[in-house]
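Q: 3D model of this:
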Amino acid sequence: MSATATATAPEAAGPGFLSPAGVEIAFVLVGLVTLGAALVTVTTRQLVHAALWLVVALGGLAVEYLLLTAEFIAWVQVLIYVGSVVVLLLFGLMLTKAPIGRSPDADSGNRPAALAVAAVSAVCLVWVVVDAFRTTWIDLDGPAQGSTEVSGQFLFRNWVLPFEALSVLLLAALVGAIVLSRKNSGDKEQR
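A: Presented below is the predicted three-dimensional model:
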């Protein structure tokens with residue numbers, strides 16, 4: 001009888017760490033594509049291509065939210081970030097008449113220092129996240145994990161100030177792009 005009880009105990013314990021389901025495999029694959037798009041975004045020398053790869057990276061994040069059953073956050077990601085922020089970025093590039101092709105001005109020669117800072121930042125971020133969620137298991141089948149009500153309560157209780165600060169920052173960027181474009185066109189008219 002003890003051999004039977006021992007054999008069924010691990011099965012009743014729940015999913016194991018090394019037994020991925022289809023959703024977890026899809027999550028990892030989409031995460032790898034998103035990471036690749038993010039790396040291309042920051043390493044390309046063409047600004048418009050960087051903006052378009054940013055669309056792929058942000059779209060990948062929206063898919064990740066869908067896989068986590070947070071449909072509201074996924075649609076916010078698509079509407080706000082993929083739609084508005086990238087359009088604002090491209091609009092700013094067009095208003096400031098940024099070069100479309102390769103830009104020698106985009107390379108400052110600080111690649112080794114930037115790579116070192118990026119590596120240290122990535123290691124610190126991974127360490128903090130792993131340390132914070134080491135023993136946490138997210139039950140996606142729980143009651144209304146990704147519902148609009150739960151997400152809205154969490155976001156608007158804890159993250160209202162960062163959202164407002166981001167909106168002011170984006171507005172300032174748009175106004176700055178308009179001022180720069182008008183200043184350049186005004187200089188050309190005086191000549």
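Q: in stretch 26-39, which residues are buried?
A: By 16 or more other Cβ atoms under 10 Å, the buried positions in stretch 26-39 come out as Phe27, Val30, Thr34, Ala37, Ala38. Just so you know, the C-beta spots here come from the backbone N, C-alpha and C atoms, and that holds for glycine as well.
Q: measure Val30 to Ala74 for me?
A: 12 Å (Cβ to Cβ, to the nearest Å).
Q: what is in contact with these two at once?
A: Contact criterion Cβ atoms under 8 Å, 6 or more residues apart in numbering; residues shared by Val30 and Ala74: Val63.
Q: list the buried ones in the lengthiest helix in the chain?
A: Once the chain is assigned using DSSP state H, the helix that runs over the most residues is helix 160-190. Neighbour-count burial for helix 160-190, counted by 16+ other Cβ under 10 Å, picks out Leu170, Ala177.
Q: any idea of the mean pLDDT in that helix?
A: Mean pLDDT, computed over helix 160-190, is 73.
Q: check which helices and strands it is in contact with.
A: Helices and strands touching helix 160-190, as assessed by 3 or more Cβ pairs under 8 Å, 6 or more residues apart in numbering; DSSP states H and E, comprise helix 86-95.
Q: quick one: the helix it packs on to helix 160-190, angle?
A: Angle of helix 86-95 versus helix 160-190, following axes from the mean of the first three to the mean of the last three Cα atoms, to 10 degrees, is 20 degrees.
Q: as CSV, could you dump the C-alpha coordinates of the helix or strand just after helix 86-95?
A: Going down the chain from helix 86-95, the next helix or strand is helix 111-132, by DSSP states H and E. Extracted C-alpha coordinates of helix 111-132, given in CSV (Å, rounded to 0.1, in the frame of the first residue of the first chain):
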residue,chain,number,x,y,z
ARG,A,111,30.0,50.6,-27.9
PRO,A,112,32.2,48.9,-25.3
ALA,A,113,31.0,51.1,-22.4
ALA,A,114,27.4,50.7,-23.6
LEU,A,115,27.7,46.9,-23.9
ALA,A,116,29.2,46.7,-20.4
VAL,A,117,26.5,48.8,-18.9
ALA,A,118,23.8,46.8,-20.7
ALA,A,119,25.3,43.5,-19.5
VAL,A,120,25.5,44.7,-15.9
SER,A,121,22.0,46.0,-16.1
ALA,A,122,20.7,42.7,-17.6
VAL,A,123,22.4,40.6,-14.9
CYS,A,124,21.0,42.9,-12.1
LEU,A,125,17.5,42.8,-13.6
VAL,A,126,17.5,39.0,-14.0
TRP,A,127,18.9,38.6,-10.5
VAL,A,128,16.3,40.8,-8.9
VAL,A,129,13.4,39.1,-10.8
VAL,A,130,14.6,35.6,-10.0
ASP,A,131,15.1,36.5,-6.4
ALA,A,132,11.7,38.1,-6.1
